[in-house]
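J.: Can you look at this prediction? I've put the sequence above it.
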Amino acid sequence: MTLDKKLPTFIIGGAPRSGTTFLCHVLDKHPDVFIAKPFSPEPKICLQPAAQGLAEYKKRYEELFAPVTHQKAWGEKSSAYLENINALNHLKNVITKQTRFLFIVREPVKRAYSNYLRSKNNGLETLSFSEAVKLEGQRQDPFPPEKSYVRPFDYLIRGDYATYAERYLNAFGRDRVKFILFENIQHAPDAFYKDLQTFIQVDPLPREKIATGKINASEPDETLDENLANELREKMRPSVERFSQLTNLDVSVWGY
């Protein structure tokens with residue numbers, strides 16, 4: 001298949017606070033990979049309105065990948081693609097069969113708490129975590145409609161990976177959609193790095209050639225109550241089990 005340099009060969013997305021920027025830094029070390037920069041703010045090509053429709057989205061990608069020269073794989077990282085159904089619908093019309101989707105996700109409760117701390121540290125969140133999760137879906141979004149993808153008060157909802165996985169698998173098929181677990185960076189690093197490179201179709205380099213330190217990380221300034229954590233994990237269990245079945249992933253590292 002002849003690759004179209006105007007369109008991505010891969011797209012990185014995932015749940016917020018799950019390591020999408022880390023993936024960019026890792027893959028950017030591979031000489032055969034080009035990833036659109038800056039990593040933040042993200043391109044969000046298919047999250048933005050386009051007055052000219054399909055032609056405008058394709059033009060944006062053409063401009064984004066203009067620097068591609070010798071690379072064998074080139075991609076965009078826009079995390080919110082995973083959960084945004086409008087972006088998915090745009091992508092179905094814009095990209096070609098050459099594009100693969102790589103999504104990274106994290107244990108839903110730890111991810112939700114990390115997201116909560118980020119919202120709190122940014123001055124957006126004033127409630128306790130237990131209060132905030134009880135009110136999910138009932139609070140007014142502080143951002144305008146054109147930035148509805150930010151969703152600062154959606155915590156557990158954004159961990160409903162089963163719903164998001166089903167959408168992408170149905171739209172693009174198993175050969176083109178891959179989910180990886182954030183926790184396997186530490187628990188199964190060799191397989192993690194190899195799978196990452198193999199999926200985007202470049203020759204895998206040894207882990208030590210592309211590994212990097214913590215990226216965009218922040219240590220919690222308060223501890224999540226273990227009783228609350230266990231209660232929330234039970235709430236998320238059906239979704240986690242369904243996600244595992246849909247993706248054929250072993251999520252035992254999450255403790256479910």
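T.: The structure has been received and is ready for your questions. Note that the structure is a prediction, hence the values are computed from the model and not measured. Residues are numbered from 1 along each chain as shown.
J.: so what pLDDT did Asn84 get?
T.: We have a pLDDT of 95 for Asn84.
J.: May I ask you to confirm that it is in contact with Pro16?
T.: No - the criterion here is Cβ atoms under 8 Å, and Asn84 misses it with Pro16 at 11.9 Å. Every C-beta, even on glycine, is put in place using the N, C-alpha and C of the backbone.
J.: Now list whatever residues contact both of these two.
T.: With contacts taken as Cβ atoms under 8 Å, 6 or more residues apart in numbering, Asn84 and Pro16 have no neighbour in common.
J.: And the helices in the stretch 151-256 of the chain, which stretches?
T.: 161-172, 184-187, 189-199, 207-210, 226-247 (DSSP state H, counting those that start in this stretch).
J.: Looking at those helices, which one is packed in the most?
T.: Ranked by mean neighbour count, the helices of the stretch 151-256 of the chain are led by helix 161-172 with a mean of 18 (mean count of other Cβ atoms under 10 Å).
J.: could I get that one in CSV with only the CA atoms?
T.: Included here for helix 161-172 are C-alpha records, laid out as CSV according to Å, rounded to 0.1, in the frame of the first residue of the first chain:
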residue,chain,number,x,y,z
TYR,A,161,-13.4,2.5,28.3
ALA,A,162,-15.8,-0.2,27.2
THR,A,163,-18.1,2.3,25.5
TYR,A,164,-15.2,4.1,23.7
ALA,A,165,-13.5,0.8,22.7
GLU,A,166,-16.7,-0.6,21.2
ARG,A,167,-17.2,2.6,19.1
TYR,A,168,-13.7,2.5,17.6
LEU,A,169,-13.6,-1.3,17.1
ASN,A,170,-16.9,-1.1,15.2
ALA,A,171,-15.7,1.8,13.1
PHE,A,172,-12.2,0.6,12.2
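J.: any idea of the angle that helix forms with helix 226-247?
T.: Angle of helix 161-172 versus helix 226-247, following axes from the mean of the first three to the mean of the last three Cα atoms, to 10 degrees, is 20 degrees.
J.: circling back: can you tell which of the helices of the stretch 151-256 of the chain is closest to Leu23?
T.: Judged by Cβ to Cβ, the one of these that comes nearest to Leu23 is helix 189-199, at 6.9 Å.
J.: That closest one - contacts with which helices or strands?
T.: The helices and strands touching helix 189-199, judged by 3 or more Cβ pairs under 8 Å, 6 or more residues apart in numbering; DSSP states H and E, are helix 20-27, strand 100-105, strand 177-181, helix 184-187, helix 207-210.
J.: can you list those in JSON lines and add distance to Asn121?
T.: Listed next are the helices and strands packed on helix 189-199 as JSON lines, based on distance: least, Cβ to Cβ, whole Å:
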{"stretch": "helix 20-27", "distance to Asn121": "17"}
{"stretch": "strand 100-105", "distance to Asn121": "22"}
{"stretch": "strand 177-181", "distance to Asn121": "25"}
{"stretch": "helix 184-187", "distance to Asn121": "23"}
{"stretch": "helix 207-210", "distance to Asn121": "30"}
